[in-house]
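Compute the structure for the input listed below.
(2 chains)
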Amino acid sequence: MAYSAKVIEHYENPRNVGTLDKSDPNVGTGLVGAPACGDVMRLQIRVNDQGVIEDARFKTFGCGSAIASSSLATEWIKGKTVEEAETIKNSQIVEELSLPPVKIHCSVLAEDAIKSAISDYRKKQVERRAASGDSKK
Amino acid sequence: MALALPIFMDNHATTPADPRVVSEMIPYFTQKFGNAASRSHSFGWEAEEAVDYARERIAKLIGAKDSKEIVFTSGATESDNLALKGVAEFYKDKGNHIITTVTEHKAVLDTGKRLEKEGFEVTYLPVGTDGRVDPDDVEKAITDKTILVSVMLANNEIGTVQPLEEIGKITRAKGVLLHTDAVQGIGKVDFDVQKMNVDLASLTAHKIYGPKGIGALYVRRSKPRVRIVAQMDGGGHERGMRSGTLPVPLIVGFGKACDILAKEGKAENVRILGLRERLRSRIMARLDEVYVNGSVEHRLPGNLNISFNFVEGEGLMMAIKDVAVSSGSACTSASLEPSYVLRALGVGDELAHSSIRFGLGRFNTEEEVDYVADLMVEKVTRLRDVSPLWEMHKEGIDLKSIQWAAH
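Below is the predicted model:
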């Protein structure tokens, strides 16, 4: 199967590979997929006080398209607000990377990874506010 | 000497034709183009003579007593179909039960499924973690309705060589026919239809440095005389078992390929085994969490099927794009199901997704092996750096303790 030039480019030079501190309350972690299915993505975001994603990191176990999808996802969400990042759809990833039908699940996983990281971040924020007794912010 | 890229290490999928095979074929396309079935002129006689000579060479390689036992087909898929369907149809009044194994080629498994729809009963025997079927299981599965046992000589994915000689003793004693898909094994491991009591054997040329599009079915003519019903109607070629004009150039090439293996196979297999072990040790000495799938002892000399834990197979193949191999990962298919052969061994799905099959052959060199081993070490290391599973493993997290969301 032939990969698109963009998939190859992301695969060979993946952006934002790495790990953020899971225990940091401003970091949200999304871990999606399953080893038995052949794809696992971990996507992390660090959000500043203005609600902007100032850093994003990923690690992916999967095929070239899965690695490229998660690399692209981190690139896109960096600098966006959480609300903006949430609107990213897997179809945009499919289009950008010219993924064939059998690889659409890679883009779905990347979208899930973003949503899962955001949801983890929000959960932590709620917990933090609850712990500090501040319900306004 | 500069290494030529890409490197072909997928010799279980196919092999390049040996130049000696091709040169022997060429005259049969142009000058000696006769139809082997033409009895009335020298063109036909010349073609028939060439076909008979090829038959003898093929028969000799597999220990067949009589070259008439070789029935030409288009390839091993047709041979497997002809063997199973042909026997089932002929012996259906004697019984309706067929025994095979779960790791057979799809040409056998899917033919079995077809026969089940037509009222036959098929038992698919399990294999051990080494990929071998237990001959005792074969014996226990035989009933008074059993007409055929079909067990491959060597597996195409993991190279496991089956205990055919022991199975042949059982089938012969019980009066049941034995078919083997011998495609991957002929000329590479011990195979002798007499010694192993094999009654039908599927063969193909393109896995032994011959041309694509030509195969054969060995059909025993005596003790016992095996009968099959032809699956294609026509001119009654091949003693009524397979109609269709014989592709003489391909048959000539098939014969030559067998002749080369008969003469050089022994030394060649020692050399290829040496390359395989060199590749295996060079990879395993430098990488952790690498597992060989299938028996190391009972294995085709050129086969190395290994799982690189925490790295996905298709992603890995992309990293080594100048090396042609294959993977048990099914990421390319819509099903997301990894190799059924690896599953049958009890290899977990995660390790099946991480498997790479190297198939070494006649034209591979030590230099290529060293290059590929270095490349594997480099690329697996790089992909592990990108793998969340590797990081978790390094942190001591048991991946099985995590609730993964299947998708």
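
ok, residues contacting the host helix or strand of B:Leu61?
Using DSSP states H and E, the element containing B:Leu61 is helix B:42-62. With CB atoms under 8 Å, 6 or more residues apart in numbering or on different chains as the test, helix B:42-62 has contacts from B:28, B:32-39, B:64-70, B:72, B:182, B:186-187, B:191-193, B:201, B:203, B:216, B:218, B:246, B:248, B:251-252, B:254-256, B:258-259, B:261-262. Every residue, glycine included, has its C-beta placed from N, CA and C.

from those residues, which would you call buried?
Buried members of the contacts of helix B:42-62, counted by 16 or more other CB atoms under 10 Å in any protein chain shown: B:28, B:32, B:34, B:36, B:64, B:67, B:69-70, B:72, B:182, B:186-187, B:191, B:193, B:201, B:203, B:216, B:218, B:246, B:248, B:251-252, B:254-256, B:258-259, B:261.

hmm, back to that, pull out the buried positions in the helix holding B:Leu61.
Neighbour-count burial for helix B:42-62 [16+ other CB under 10 Å]: B:46-48, B:50-59, B:61-62.

what residue ranges in chain B are flagged as low confidence?
Applying pLDDT under 70 to chain B flags the ranges B:1, B:330-336, B:406-407.

got the contact list for B:Pro126?
B:Thr101, B:Val102, B:Val133, B:Asp137, B:Ala344.

From the centroid of chain B, which residue is nearest?
Nearest to the mean C-alpha position of chain B, by CA atoms, centre = their mean, lies B:Gln184 at 3.3 Å.

Doesn't that one belong to a helix?
No - applying DSSP: H, G, I helix; E, B strand; the rest coil, one finds B:Gln184 to be coil, outside a helix.

check contacts around it.
B:His12, B:Met152, B:Leu153, B:Ala154, B:Asn155, B:Asn156, B:Gly159, B:Lys207, B:Leu300.

how close does it get to chain A?
Look at B:Gln184 and chain A: by CB to the nearest CB, to the nearest Å, they are 25 Å apart.

any idea how far stretch B:18-29 is from the chain center?
Distance of stretch B:18-29 from the chain centroid (CA atoms, centre = their mean, to the nearest Å) equals 24 Å.

returning to what we had before: just the CA trace of the helix holding B:Leu61, in CSV.
Output of helix B:42-62 as CSV, limited to C-alpha atoms (Å, rounded to 0.1, in the frame of the first residue of the first chain):
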residue,chain,number,x,y,z
SER,B,42,7.1,-33.3,-34.5
PHE,B,43,6.2,-30.0,-32.9
GLY,B,44,3.8,-31.9,-30.6
TRP,B,45,6.2,-34.7,-29.9
GLU,B,46,9.0,-32.3,-29.0
ALA,B,47,6.7,-30.5,-26.5
GLU,B,48,5.5,-33.8,-25.0
GLU,B,49,9.1,-35.0,-24.6
ALA,B,50,10.0,-31.8,-22.8
VAL,B,51,6.9,-32.2,-20.5
ASP,B,52,7.8,-35.8,-19.7
TYR,B,53,11.3,-34.9,-18.9
ALA,B,54,10.1,-32.2,-16.5
ARG,B,55,7.7,-34.7,-14.9
GLU,B,56,10.6,-37.0,-14.2
ARG,B,57,12.7,-34.2,-12.6
ILE,B,58,9.8,-33.2,-10.4
ALA,B,59,9.0,-36.8,-9.5
LYS,B,60,12.6,-37.4,-8.5
LEU,B,61,12.8,-34.4,-6.2
ILE,B,62,9.8,-35.7,-4.1
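
Which strands and helices lie in contact with the helix or strand just after it?
Counting by DSSP H and E, the next helix or strand C-terminal to helix B:42-62 is strand B:70-73. On a contact count with 3 or more CB pairs under 8 Å, 6 or more residues apart in numbering or on different chains; DSSP states H and E, strand B:70-73 meets helix B:42-62, helix B:76-90, strand B:215-219.

Distance to B:Ile7 for those - can I get that in CSV?
Converted to CSV, the helices and strands packed on strand B:70-73 look like this (distance: least, CB to CB, whole Å):
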stretch, distance to B:Ile7
helix B:42-62, 28
helix B:76-90, 26
strand B:215-219, 27
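
bridging residues for A:Val32?
Applying DSSP bridges to A:Val32 gives these bridge partners: A:Met41.

Tell me which stretches of the chain form strands.
All of this refers to chain A. Taking DSSP state E, the strands of chain A run over residues A:27-34, A:39-47, A:53-61.

my bad, the chain I had in mind was chain B
Using DSSP E, strands in chain B cover B:7-8, B:70-73, B:97-101, B:121-125, B:146-150, B:177-181, B:200-204, B:215-219, B:290-292, B:303-308, B:323-324, B:326-327, B:355-359.

what's the angle between the fourth one and strand B:146-150?
To tie it back to what came earlier, the one meant is strand B:121-125. 40 degrees (axes from the mean of the first three to the mean of the last three CA atoms, to 10 degrees).

Starting from strand B:121-125, tell me which strands it pairs with and how they run.
So strand B:121-125, judged by DSSP bridges, has these partners: strand B:97-101 (parallel).

In contact with B:Met232, which residues are there?
B:Arg242, B:Ser243, B:Gly244.

got the phi/psi numbers for it?
Main-chain dihedrals, B:Met232, degrees, to the nearest 10: phi -140, psi 130.

For chain A, see how far away it is.
Separation of B:Met232 from chain A (CB to the nearest CB) stands at 34 Å.

Same check on B:Ala2?
Where chain A is concerned, B:Ala2 sits at a distance of 23 Å (CB to the nearest CB).

repeat for B:Met9
B:Met9 is 19 Å from chain A, by CB to the nearest CB.

Name all residues that make contact with that residue.
B:Val323, B:Ala324, B:Val325, B:Phe358, B:Gly359, B:Leu360, B:Asn364, B:Glu368, B:Val372.

phi, psi of it?
phi -130, psi 50.

Might you enumerate the residues of chain A proximal to chain B?
Neighbours of chain B within chain A, by CB under 8 Å from any CB of the partner chain: A:1, A:3, A:8, A:11, A:14, A:17, A:19, A:31-42, A:59-64, A:66-67, A:101-102, A:105, A:108-109, A:112.

looking at it, B:Thr245 is touching B:Phe33, isn't it?
No - contact between B:Thr245 and B:Phe33 fails when scored by CB atoms under 8 Å: they sit 11.5 Å apart.
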